[in-house]
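1. Test case, fold it:
(chains A and B)
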Number of protein chains: 2
Amino acid sequence: MNKEFHDRKTPKPEIEARISALKQALAEREVDLAIIVQNADLFYFTGTIQRGYLLVPQKGDPLFAVTGNIDRVREESSLEAIEAISSLKDLGELCSQMFGSSRPGTLGLEFDVLPVSFFNRISALFPSSRPVDISSAIKKIRMIKSPYEIEKIKVSATILPEALSHLPEILKPGMTEVGLQSEIIRIARRRSHFGAHRVRGFNQESYYGHVLAGPRGAVPSMVNSPTGGLGSTPAFGYGAGHWPIEVNSPVLIDLCFGIDGYLSDQTRTAVVGKLSPSLVQAYGKILSLKREIEKLLRPGAICEEVYFQVFGKAEELGLAENFMGFGQRRARFVGHGIGLEMDEWPVIGRGFKVTLAPGMVLALEPKAVFPGLGAIGLEDNYVITETGCENITPLDESIIEL
Amino acid sequence: MNKEFHDRKTPKPEIEARISALKQALAEREVDLAIIVQNADLFYFTGTIQRGYLLVPQKGDPLFAVTGNIDRVREESSLEAIEAISSLKDLGELCSQMFGSSRPGTLGLEFDVLPVSFFNRISALFPSSRPVDISSAIKKIRMIKSPYEIEKIKVSATILPEALSHLPEILKPGMTEVGLQSEIIRIARRRSHFGAHRVRGFNQESYYGHVLAGPRGAVPSMVNSPTGGLGSTPAFGYGAGHWPIEVNSPVLIDLCFGIDGYLSDQTRTAVVGKLSPSLVQAYGKILSLKREIEKLLRPGAICEEVYFQVFGKAEELGLAENFMGFGQRRARFVGHGIGLEMDEWPVIGRGFKVTLAPGMVLALEPKAVFPGLGAIGLEDNYVITETGCENITPLDESIIEL
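-> Alright, predicted model coming up:
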């Protein structure tokens, strides 16, 4: 295989540290054996998404039971114990070898993503084991990024900024939301974007993000985000549609690109012409909220408290009804973790009591929504450091006027 | 909202016929109440993907319990009973109103797509009901398309052909797989492609399909398809990568576009220059397999038998080792249903004993894979008619030489 491809292999010490963290989590939760199946988790713990089941016992060495192409797995994964199996059914036998007659008493599975029928098939292979949900444990481990991962996300965070530098050549009035989105995606993809946009949440679909022009920026949808959009059909009723971009009207560009699986998630507001003075004023308020957020993002801060403080400040600024959505249709968060998936932990939102810690990587997205006019705002990506936070989005924060 | 958007609303008689088919399936399976949640199913039975739970009792009228934007739902769905609820928890109460003190004895859920934790939350609301898997019932209903749906898929099947007519302008040697894919997607998206590519299978990720050049056409991956590809990183180890397209080497273009949620899935083989005589000869064999398939696709035929006959013919032609993959790494099918999802029923493959019937829509994809050289083949979409099949792919079947 290609050298350039395999230079992208996850280094062995990374995989070892991740497995070790998982084993510790299993010990804390008294789980005897974890079986990892979902693509993003599988990539995190093995370095490949080629088909297989990663068995991680609380005590002893992990074993990657591969149903797919074992040659690719051996090249892509730095795990040592890789064994071909012909189907899921062989897991029972493998497990007997691992545990002898004792069998695992508890079996850790990804309850938040495994479909019921698949879960039932796995559970049936371990009739004497009790299935236990380890999805929170996995999300907590993945929440803290290693320097290797942070470096990936930093590169990933340069893709949209580069694509947006071409905006003066590509954005023309009369162009549709979809037209603009396609041009930006084409640039991002040809440059280096790896191609996927993984989302963990059920029914949250995978696509590259929003480009919403004018009033459509204020149309709510099923997407768990401050903005939704109309889309071009009820079958896909969100995101960019075949609607024209008008002069003097805000264009919210909120896109997610990445390299080697690691995503960035950034937003800028553009306009062909000039925004109205009231929207410019609102944008100024959003910028002061951004500065407020940057002050609050530091180790030791509690996610929910950061959210409440930012929301309180938005109320003081007179944005109470417009911040992160409009009226009753508002996102109850102002930021979220990013990494191999778009919707990682922690969430800077209501009900999320996690303490910020170094190595977390976040997308913070103060936005304001005005029915009939559209959405404005921005979204930068941050790494929590030992003393505060580092903004890793190399983009000017102003409205992009063309 | 926009007239053009709402002209795309699923007509009321469509929704009524679908719900009626579901109620009949519930009666046959003695299921008292179905709760539909997953996006594609929700769109099929309600006309919208805005957030909610569709309750369909075996006896009585359906009720759409909406947690999302009720105004959008009322505009997009032609269902009559639409009610706002504040969260999943309200389903229990709604259900009491529907069933009185009797409560549903059996509860039909989409076991093949509902994550375990979500399933557990729903089940907990109905402690006296037994959950039953209705995913096969739903897939069987969706397998037979109405004339309205067939019309949508026919339009959808014109998108890739139109994009490919621009191939002479866009495909240049030295261009990467990703570069070519991005150009084609841009044309498709700007024209009318609605933007998503829904796949039902767990861990089968959503993207637009393959563009695989030269030897990479023969690299197997985790994708359940005759071709996989290397991709550009182990994090996304399939599909197009940042590898150059070389002269005289096959370029397999296998992409999925659609309108209003309905997808097409088509493939052509292109080449800058000329393919080697051996690949041209193999392509000729693939074309004769295509004709064999077209003879076999008719009401009354059994899917698995069609597959075995086509596979037998491939063996006769000397393609035994190369048909639908190479050696042990072969897809065990030659076609699949398409519609709102890419992986619908029926599958023309091993173990699939369904009888073909009018209204089924299929993607048939005879392909041959040659390690070190690449993949060749084509994929057309067909509607099963009263007497045979109709090819709805308006594309010449030859190799596209540039």
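2. Name the residue closest to the centre of chain A, please.
-> residue A:342 (1.4 Å; Cα atoms, centre = their mean).
3. a strand runs through residue A:54, doesn't it?
-> Yes - read with DSSP: H, G, I helix; E, B strand; the rest coil, residue A:54 is one of the residues of a strand.
4. and it, what is it in contact with?
-> Residues in contact with residue A:54, defined by Cβ atoms under 8 Å, 6 or more residues apart in numbering or on different chains, are A:34-37, A:42, A:45-46, A:62-65, A:79. C-beta here means a position set from N, CA and C on the backbone, and glycine is covered the same way.
5. try residue A:319
-> A:282, A:285-286, A:289, A:368.
6. same check, this time on residue A:36
-> A:42, A:45-46, A:53-54, A:56, A:110, A:138.
7. re the thing from before, can you classify the residue nearest to the centre of chain A as helix, strand or coil?
-> coil.
8. same question, the one 10 residues further on
-> When the structure is reduced to helix, strand and coil (three-state DSSP), residue A:352 reads as coil.
9. Quick check: which ranges of chain A have low pLDDT?
-> A:1-2 (pLDDT under 70).
10. Give me the nearest residue to residue A:399, chain neighbours excluded.
-> The spatially closest residue to residue A:399, leaving aside those adjacent along the chain, is residue A:269, at 5.2 Å (Cβ to Cβ, 6 or more residues apart in numbering or on different chains).
11. residue ranges of the helices in the stretch 1-150 of chain A, please?
-> Assigned by DSSP state H, counting those that start in this stretch, the helices in the stretch 1-150 of chain A fall at A:3-6, A:12-29, A:39-46, A:70-76, A:90-99, A:116-125, A:135-143, A:147-156.
12. could I get those helices as a markdown table with mean neighbour count and distance to residue A:163?
-> Listed next are the helices of the stretch 1-150 of chain A as a markdown table, based on neighbours: other Cβ atoms under 10 Å in any protein chain shown; distance: least, Cβ to Cβ, whole Å:
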| stretch | mean neighbour count | distance to residue A:163 |
| --- | --- | --- |
| helix A:3-6 | 12 | 22 |
| helix A:12-29 | 17 | 29 |
| helix A:39-46 | 25 | 24 |
| helix A:70-76 | 20 | 28 |
| helix A:90-99 | 16 | 44 |
| helix A:116-125 | 17 | 37 |
| helix A:135-143 | 19 | 27 |
| helix A:147-156 | 18 | 12 |
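13. ok so, going back, could I get the contacting residues of the residue nearest to the centre of chain A?
-> For residue A:342, the contact set (Cβ under 8 Å, 6+ apart) comprises A:197-200, A:256, A:263, A:265, A:336.
14. Filtering the residues you listed by proximity to chain B, which remain?
-> residue A:198 (Cβ under 8 Å from any Cβ of the partner chain).
15. Pick out whichever of the contacts of residue A:342 sits closest to residue A:163.
-> residue A:256 (11.9 Å; Cβ to Cβ).
16. right, and that closest one touches residue A:267 too?
-> No - at 9.9 Å, residue A:256 does not count as touching residue A:267 under the criterion of Cβ atoms under 8 Å.
17. and the gap between residue A:369 and residue A:219?
-> 9 Å (Cβ to Cβ, to the nearest Å).
18. no no, residue A:202
-> From residue A:202 to residue A:219 the distance is 23 Å (Cβ to Cβ).
19. Can you name the next helix or strand after the strand or helix carrying residue A:292?
-> Assigned by DSSP states H and E, residue A:292 belongs to helix A:277-296. As assigned by DSSP H and E, the chain's next helix or strand after helix A:277-296 is helix A:303-316.
20. what residues does that following helix touch?
-> A:285, A:288-289, A:292-293, A:296-297, A:320, A:323, A:332-334, A:346-356, A:366.
21. just checking, next helix/strand downstream of it?
-> strand A:325-326.
22. Summarise which helices and strands the helix or strand that that next one is followed by is packed against.
-> Using DSSP H and E, the helix or strand that follows strand A:325-326 towards the C-terminus is strand A:329-330. Here strand A:329-330 touches no other helix or strand, going by 3 or more Cβ pairs under 8 Å, 6 or more residues apart in numbering or on different chains; DSSP states H and E.
23. starting at the chain centroid, how far to the helix or strand just after strand A:329-330?
-> Next helix or strand after strand A:329-330 toward the C-terminus (DSSP H and E): strand A:333-337. Centroid separation for strand A:333-337 versus its chain: 10 Å, with Cα atoms, centre = their mean, to the nearest Å.
24. Can you list the strands that the very next helix or strand once past strand A:333-337 pairs with?
-> Under the assignment DSSP H and E, the closest C-terminal helix or strand after strand A:333-337 is strand A:344-349. Partners of strand A:344-349 in the sheet, by DSSP bridges, are strand A:333-337 (antiparallel).
25. Next, the angle helix A:277-296 makes with the one helix or strand the residue nearest to residue A:399 maps to.
-> Counting by DSSP H and E, the element that carries residue A:269 is strand A:266-271. If you take axes from the mean of the first three to the mean of the last three Cα atoms, to 10 degrees, strand A:266-271 sits at 160 degrees to helix A:277-296.
26. Which elements pack onto strand A:266-271?
-> helix A:159-164, strand A:251-255, strand A:374-377, strand A:400-401.
27. redo that, cut-off 7 Å
-> strand A:251-255, strand A:374-377, strand A:400-401 (3 or more Cβ pairs under 7 Å, 6 or more residues apart in numbering or on different chains; DSSP states H and E).
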